[in-house]
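**Student:** Test case, fold it:
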Amino acid sequence: MLDEQFIRSQFPAFSEASLEGYALFENAGGSYPCQQVVDRLNRFYRQRKVQPYYGFAASRIAGEEMDEARSRLAAYLGVSADELSFGPSTTQNTYVLSQAFKEMLRPGDAIIVTNQDHEANSGPWRRLANAGFEIREWQVDPSSGHLALDALDALLDDQVRLVCFPHCSNVVGEINPVAEIVAKAHAVGAFCCVDGVSYAPHGLPNITSLDADIYLFSTYKTYGPHQGAMVVRRNLVDQLPNQGHEFNGGDPTKRLTPAGPDHAQIAACAGIADYFDDLAKFHGFDGLRASEKGERVHALFRQREQQLLQPLLNYFSSRNDVRLLGPADAEGRAPTVSVVLKEPGETVAARLNSEGIMAGDGDFYAGRVIRAMGEDPNRGILRLSFVHYTSEAEIEQLLSALDRQL
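**Tutor:** Residues are numbered from 1 along each chain as shown. Here you go, the predicted structure:
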């Protein structure tokens, strides 16, 4: 089991006076950074904020730290370092990918998207309809928000070249069976683009085990700086047209990132791996390969989060004045809990804030799934999301506040 005291000691926010008494329940929008990331970012800006990869010491070390971040995070994800790229955000990474596919595909080819996704993994692909590609929508069940596999089967044929879907929804929270979906797509010759932004904070997945061709997530939601991480497997990246500078076309880590990288933030991403290493050492399994440590860390996170999540799900399920979106069983979902209330989400979030609960409200760039479930995204829903560092006391604080404010 995770040691709560050790975990929280790794995050400066929990010793920050200005945050004392507040409990963060909008982690799906961005997590606290761990100390290891803060230290690396501070050191980079102080000691090596120069153009990297030249021969002088500060520049050479800057480049080495950027390379270290890529190689160590890739190892935790179970992929090669040259299959991981960084960009300014997942939204921009997806947009660049869509432009590369636009050049690679032929008019009439089909792309499957869902209405469960965050707009980042939906909008850029849908726009390709204007270029002559067929867009097919894999729709959720309106009552549950669930993506049924038989509904996907009805959309798949040999015209489909790409299937885009979330590992889990940032509103519904249900964890989709990625490996099974990927296998279905591959059976008809299609690639898969998996949006892992809402899943990766709960444990970095092994991409090789999932067999995903593309996996996207945001490091500012995995305890790091504001970067988008993008895994594109070599069998695909070599086929995609270069979207970067002409002279970078031969580098798989640069051909899909046309903008200049944020050197300091990329280097600081190594702090995420530092944190996982420290966590593994404290819990007694530091002698494993990075991918194996990642699987153990993943399991610890899931065990911890399910334990904290079920009481919150039970609370909402017991009320007849609240609609819980997504599964009521913690085993099948991430700890991202969205509810529709009699009042607008913003109104209730403001009252919760007066009790030290930092909650989210709105449509969370996922208006399609909210509309598909018969709700009004303009009215706003309340979202309560947490990660493994959330304490039992904070869950109790939240439940008590909900009792008073609903």
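**Student:** Would you state the strands of the chain in chain order?
**Tutor:** All strands of the chain, identified by DSSP state E, fall at 23-25, 84-87, 110-114, 134-138, 160-166, 191-195, 214-218, 228-232, 323-324, 336-340, 357-362, 381-385.
**Student:** Tell me which of those strands lies nearest to I266.
**Tutor:** Using C-beta to C-beta as the measure, strand 84-87 is the one of the strands of the chain that comes nearest I266, at 5.0 Å. Where C-beta positions appear, they are placed from N, C-alpha and C, glycine not excepted.
**Student:** Show residues contacting the closest one.
**Tutor:** Counting contacts by C-beta atoms under 8 Å, 6 or more residues apart in numbering, the residues outside strand 84-87 that touch it are 69-70, 73-74, 77, 93, 96, 219, 227-232, 252-254, 256-257, 259, 261-262, 265-266, 269.
**Student:** switch to 6 Å and redo it
**Tutor:** Residues from elsewhere that reach strand 84-87 (C-beta atoms under 6 Å, 6 or more residues apart in numbering): R70, A74, N93, Q227, G228, M230, V231, T253, L256, T257, P261, I266.
**Student:** Partner strands of it, with direction?
**Tutor:** strand 228-232 (antiparallel) (DSSP bridges).
**Student:** For P258, give me its contacts.
**Tutor:** With contacts taken as C-beta under 6 Å, 6+ apart, P258 has the following neighbours: Q243, G244.
**Student:** State the distance from it to E119.
**Tutor:** The span separating P258 from E119 equals 21 Å under the rule C-beta to C-beta, to the nearest Å.
**Student:** which residues touch stretch 123-140?
**Tutor:** Against stretch 123-140 from outside (C-beta under 6 Å, 6+ apart): 94-95, 98, 102, 107, 109-116, 147, 152, 155, 164, 369, 372.
**Student:** Quick one: end-to-end length of that stretch, please.
**Tutor:** Here the two ends of stretch 123-140 are set 17 Å apart, with distance taken as C-alpha to C-alpha, to the nearest Å.
**Student:** Go through the protein and flag its longest helix.
**Tutor:** Of all the segments of type helix in the chain, defined by DSSP state H, the longest one is helix 290-317.
**Student:** buried sites along that one?
**Tutor:** 290-291, 293-298, 300-302, 304-306, 308-309, 312-313, 315-316 (16 or more other C-beta atoms under 10 Å).
**Student:** Show me what that helix is packed up against.
**Tutor:** Using 3 or more C-beta pairs under 6 Å, 6 or more residues apart in numbering; DSSP states H and E as the contact definition, the elements that helix 290-317 packs against are helix 57-77, helix 270-282.
**Student:** Domain boundaries for the protein, per the record?
**Tutor:** Using automatic domain parsing, the domain ranges for the chain come out as 4-33+290-405, 41-273.
**Student:** what mean pLDDT does the shortest one have?
**Tutor:** By that I understand domain 4-33+290-405. Over the span of domain 4-33+290-405, the pLDDT mean works out to 97.
**Student:** same deal with the longest one?
**Tutor:** Domain 41-273 shows a mean pLDDT of 97 in the predicted model.
**Student:** Off-centre distance for it?
**Tutor:** When distances are taken as C-alpha atoms, centre = their mean, to the nearest Å, domain 41-273 is centred 10 Å away from the chain's centroid.
**Student:** quick one on the thing from earlier: the inter-axis angle of the longest helix of the chain versus helix 270-282?
**Tutor:** 90 degrees (axes from the mean of the first three to the mean of the last three C-alpha atoms, to 10 degrees).
**Student:** okay, the angle between helix 290-317 and strand 381-385?
**Tutor:** Comparing the axes of helix 290-317 and strand 381-385 via the same axes, to 10 degrees yields an angle of 140 degrees.
**Student:** any chance of the helices and strands packed on helix 290-317 in a markdown table, with mean neighbour count too?
**Tutor:** Shown next, in a markdown table, are the helices and strands packed on helix 290-317 (neighbours: other C-beta atoms under 10 Å):
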| stretch | mean neighbour count |
| --- | --- |
| helix 57-77 | 20 |
| helix 270-282 | 21 |
